[in-house]
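Engineer: what follows is a predicted protein model with its sequence.
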Amino acid sequence: MDHRLRNLLILDIETVALTKEYQKLNADLRKHWERKSSFLKNDDELTAEELFSEKAGIYAEFGKVITVAFGIFHELPDGNLALRVKSMAGDDEESLLTEIKDFLETKFDPENLRLCAHNGKEFDFPYLSRRMLLNGIKLPYVLDNSGKKPWEVNFLDTMEMWKFGDRKNFTSLDLLTTIFNIPSSKSDIDGSLVNQVYYEEENGLERIRKYCQGDVIATAQLFLKMNALPVVDEKNITIVS
């Protein structure tokens with residue numbers, strides 16, 4: 001297996017607002033959200049309460065993690081590359097984040113493990129870290145950057161790889177999978193619907209879990225393409241419990 005794929009863990013997280021209803025947010029946090037929302041782009045002139053349902057989930061101070069999916073490359077006996085996808089989901093964020101921490105610390109060599117996500121450096125990695133601290137969970141080594149030199153931080157980001165140093169441009173995972181002819185990860189939902197699906201659908205969490213798994217597969221294939229490596233054949237992609 002190519003050395004660039006060893007000790008590499010592809011990940012994606014899905015997040016929602018802390019509470020289903022804005023009024024259930026504690027009074028102090030509501031004041032902070034009102035201040036925060038006043039600076040958000042708001043062409044539709046939505047109220048702070050309406051913006052909470054739409055936007056709060058993307059901010060670690062006002063949201064929570066509900067699912068995470070991981071992708072791990074491995075080589076089959078016949079020499080072909082394969083991808084194993086594992087996901088975790090739950091309504092109890094503390095329990096979910098503890099499970100994630102245990103997975104990162106017990107299944108991998110912590111000092112050599114590298115994490116890769118699309119826009120991970122601006123979203124997935126800091127969000128996970130902030131929510132762990134807010135839940136009183138000590139950060140696993142790979143997420144704890146305190147005291148590390150820049151070259152010791154084991155974060156990879158497919159969006160940053162595509163920028164080639166251009167700091168002005170945001171490129172979505174969906175666009176990159178399209179131009180690289182990778183089967184789209186987008187199913188019947190997208191990121192903008194996650195909060196609604198979670199809070200309003202009976203089996204919403206399971207639907208979001210599958211969406212998250214799709215994003216991890218797409219990110220893994222994109223990483224391969226951006227390293228001029230062949231993508232994983234669909235028959236060699238396995239979803240594990």
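Structural biologist: Sure, I can see it. Numbers count the residues shown, from 1 in each chain.
Engineer: from here on, just use CA atoms for contacts and neighbour counts.
Structural biologist: Will do.
Engineer: assumed residue 50 was part of a helix.
Structural biologist: Yes: Residue 50: assigned to a helix according to DSSP: H, G, I helix; E, B strand; the rest coil.
Engineer: buried residues, the longest strand along the chain. List them.
Structural biologist: Counting by DSSP state E, the longest strand found in the chain is strand 63-75. For strand 63-75, a neighbour-count test (16 or more other CA atoms under 10 Å) marks 63-74 as buried.
Engineer: which residues make contact with the next helix or strand after that strand from outside it?
Structural biologist: Downstream of strand 63-75, the first helix or strand assigned by DSSP states H and E is strand 81-89. For strand 81-89, contacts defined as CA atoms under 8 Å, 6 or more residues apart in numbering pick out 1, 66-76, 96, 100, 205-206, 209, 213, 216-217, 232-233, 236-241.
Engineer: buried residues, strand 81-89. List them.
Structural biologist: Going by neighbour count (16+ other CA under 10 Å), the buried part of strand 81-89 is 81-83, 85-89.
Engineer: do a quick rundown of the helices in this structure.
Structural biologist: 27-37, 48-55, 93-106, 124-134, 158-163, 173-179, 194-200, 204-226 (DSSP state H).
Engineer: helices and strands around the fifth one, which ones?
Structural biologist: In this structure, helix 158-163 makes packing contacts with helix 204-226, judged by 3 or more CA pairs under 8 Å, 6 or more residues apart in numbering; DSSP states H and E.
Engineer: next, the angle from the helix it packs on to strand 63-75.
Structural biologist: 50 degrees (axes from the mean of the first three to the mean of the last three CA atoms, to 10 degrees).
Engineer: and the angle from helix 204-226 to strand 81-89?
Structural biologist: For helix 204-226 against strand 81-89, the angle by the same axes, to 10 degrees is 150 degrees.
Engineer: got the contact list for helix 204-226?
Structural biologist: Here helix 204-226 has contacts from 10-14, 66-71, 85-90, 117-118, 158, 161-162, 173, 176-177, 180, 182-187, 189-190, 194, 197-198, 230-232, using CA under 8 Å, 6+ apart.
Engineer: now stretch 234-241
Structural biologist: Against stretch 234-241 from outside (CA under 8 Å, 6+ apart): 81-87.
Engineer: may I have the helix or strand of the chain with the lowest mean pLDDT as CSV, with CA atoms only?
Structural biologist: Within the chain, confidence by mean pLDDT, DSSP states H and E is lowest for helix 48-55 among all helices and strands, at a mean of 91. C-alpha atoms of helix 48-55 as CSV (Å, rounded to 0.1, in the frame of the first residue of the first chain):
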residue,chain,number,x,y,z
ALA,A,48,-32.2,35.3,15.7
GLU,A,49,-34.5,32.5,16.5
GLU,A,50,-34.9,31.5,12.8
LEU,A,51,-31.2,31.8,12.3
PHE,A,52,-30.6,29.5,15.2
SER,A,53,-32.2,26.6,13.5
GLU,A,54,-30.4,27.3,10.2
LYS,A,55,-26.9,28.2,11.5
